[in-house]
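Trainee: sequence and predicted structure, then a few things I'm wondering about:
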Amino acid sequence: MDPYHGCREHHPKGSFSYEPSSHMHGDGPQSPTMAAPPNRMYYSPGMGYEPPPMPLQGYPPRYDPYPNDCHPQPQVYHYPAGPYFSDPPTHHDTGKNKAFVRGFLIFCCVILTGLFVATLVMALMMHPKLPAYTVNSLSVSNFNASTTLTADWNTTFSIQNVNDKLNGFLSGFKVDLLHKNDVLAMSYVPDFELDKKEVKRINAKMSSIGFSFLTPDMHEMAKEQASGSVSLILRIASMVEFKSSTFNTRMSLVLAICDGLKVVFQNNTGNGALDNGGKPISCQLYM
């Protein structure tokens, strides 16, 4: 059976067809011999005419020009992957994500604002106040300012927590006794806690042995002692913090300056006491 039977009508007219059954056995006419094309080298453009066009060349014998004529294969096109062939963006998902982020930020802002307002309201309701410092007594013994200062000091001061809703915590106490700008003696006080409206009385003992002063300052203190009294300053420094079950303040440095302390000497001796008429002397507070 001819494998090309039924497919010859698809060849275009004038094309060369190959019939193996008749050509191989010599039954049919032989294929006409193809004429050689004219040689173009004998024609020149200047001779007034052009050479005839060369005839179309057919396929050589035993060559099938349409190997897939009977069974055409579908042509597959491969499109490159790119942004135009990708999946369309999901606009609805992006909108949901943006809405969620926006809602979360708004929620955080509301919470922070609420906390700030609550803290401010609590601070106004509690209204923390600094403690009150007062000097109750100040005495000196063995005072001598001839060549070097020697003296033993004993002072008593009180600290009161004036808040009725907050407890006070005081730490880092340091007590200095000054004459103008010169430190005569110093002492340290242990940390303690003050309940609401509580008053704590502190006794501090100090000594002036080992302190050096300028000669003019020594002479000025000696003159004041000779006149019967010496003016001194008590400086109290501490860290103060107030707390409650729902509210805490930050720890702050409080400096109490107790100025105008007049120590009167008895009968031109080295012993003296604070002249305050039996009333506590209030101190100024600085932060």
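Mentor: Thanks, I have the structure now.

Trainee: for the chain, what spans make up the strands?
Mentor: Counting by DSSP state E, one finds strands in the chain at the ranges 132-144, 150-160, 167-179, 182-189, 192-194, 199-207, 229-243, 252-265, 272-274, 281-282, 284-286.

Trainee: which other residues reach the third one?
Mentor: The one in question is strand 167-179. Residues outside strand 167-179 that contact it (C-beta atoms under 8 Å, 6 or more residues apart in numbering) are 131, 153, 155, 157, 159, 161, 183-196, 204, 206, 217, 221, 230-244, 251. Yep, even glycine has a C-beta here, placed from its N, CA and C like the rest.

Trainee: which of those are buried?
Mentor: In these, burial by neighbour count holds for 131, 153, 155, 157, 159, 161, 184-187, 189, 194, 204, 206, 217, 221, 230, 232-236, 238, 240-242, counting by 16 or more other C-beta atoms under 10 Å.

Trainee: any stretches of the stretch 101-250 of the chain with poor pLDDT?
Mentor: Per-residue confidence for the stretch 101-250 of the chain (pLDDT under 70) gives these ranges: 119-126, 210-212, 247.

Trainee: one more pass at 90, please.
Mentor: Residues of the stretch 101-250 of the chain meeting the criterion pLDDT under 90: 101-105, 107, 110, 112-129, 143-150, 163-166, 180-183, 208-223, 225-227, 242-250.

Trainee: contact partners for Asn161?
Mentor: Residues in contact with Asn161 (C-beta under 8 Å, 6+ apart) are Pro131, Asn167, Gly168, Leu194, Asp195, Lys196, Lys197, Glu198, Val199.

Trainee: need the distance between the two termini of stretch 272-281.
Mentor: The first and last residues of stretch 272-281 sit 17 Å apart, counting by C-alpha to C-alpha, to the nearest Å.

Trainee: need the contacts of Asn161 in JSON lines (columns: distance to Gln225).
Mentor: Written out in JSON lines, the entries for the contacts of Asn161 read as follows (distance: C-beta to C-beta, whole Å):
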{"residue": "Pro131", "distance to Gln225": "33"}
{"residue": "Asn167", "distance to Gln225": "44"}
{"residue": "Gly168", "distance to Gln225": "38"}
{"residue": "Leu194", "distance to Gln225": "37"}
{"residue": "Asp195", "distance to Gln225": "42"}
{"residue": "Lys196", "distance to Gln225": "44"}
{"residue": "Lys197", "distance to Gln225": "41"}
{"residue": "Glu198", "distance to Gln225": "38"}
{"residue": "Val199", "distance to Gln225": "33"}
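
Trainee: taking the residues you listed, tell me the two that lie furthest apart.
Mentor: When these are compared pair by pair using C-beta to C-beta, the two farthest from each other are Asn167 and Val199, 13.7 Å apart.

Trainee: about what we covered before: out of the strands of the chain, which gets nearest to Leu105?
Mentor: Within the strands of the chain, the stretch nearest Leu105 is strand 229-243; the backing value is 33.6 Å (C-beta to C-beta).
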